[in-house]
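1. The following block contains a protein sequence and its predicted model.
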Amino acid sequence: MSKRILVVLTSHDQLGDTGNKTGFGSKSWQPLIMSLKTRVLK
């Protein structure tokens, strides 16, 4: 059985009406995906 990983990202840059930033951008998730590819999806 193949391993699967689901990553869900949105285009929102704020957390609701709080005005707080999400702190997660494409440069943040790219290393995570690369790490998962090399370690988990061997």
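-> Okay, I see it.

2. what helix or strand does the residue nearest in space to the middle of the chain sit in?
-> Centroid-nearest residue in the chain: Trp29, 4.3 Å away (criterion: CA atoms, centre = their mean). Per DSSP states H and E, Trp29 falls inside helix 26-39.

3. Could you export that helix as CSV, CA atoms only?
-> What follows is helix 26-39, C-alpha atoms only, in CSV (Å, rounded to 0.1, in the frame of the first residue of the first chain):
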residue,chain,number,x,y,z
SER,A,26,5.2,28.9,0.4
LYS,A,27,8.8,29.3,1.6
SER,A,28,7.7,27.8,4.9
TRP,A,29,6.0,24.6,3.6
GLN,A,30,8.5,23.8,0.8
PRO,A,31,11.2,22.5,3.1
LEU,A,32,8.5,20.4,5.0
ILE,A,33,7.4,18.8,1.7
MET,A,34,11.0,18.0,0.7
SER,A,35,11.7,16.5,4.1
LEU,A,36,8.6,14.3,3.9
LYS,A,37,9.5,13.2,0.4
THR,A,38,12.9,12.0,1.5
ARG,A,39,12.0,10.5,4.9
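
4. Flag every buried residue along it.
-> Buried residues in helix 26-39, counting neighbours by 16 or more other CB atoms under 10 Å, are absent. All C-beta spots, glycine's among them, are computed from the backbone N, C-alpha and C.

5. Contacts for that helix, please.
-> Helix 26-39 is contacted from outside by Ile5, Val7, Leu9, using CB atoms under 8 Å, 6 or more residues apart in numbering.

6. So which of those residues are in strands?
-> In strands, judged by DSSP state E, none of the contacts of helix 26-39 are found.

7. Out of these, flag the one nearest to Lys21.
-> Lowest distance from Lys21 to the contacts of helix 26-39 (CB to CB) belongs to Leu9, with 14.5 Å.
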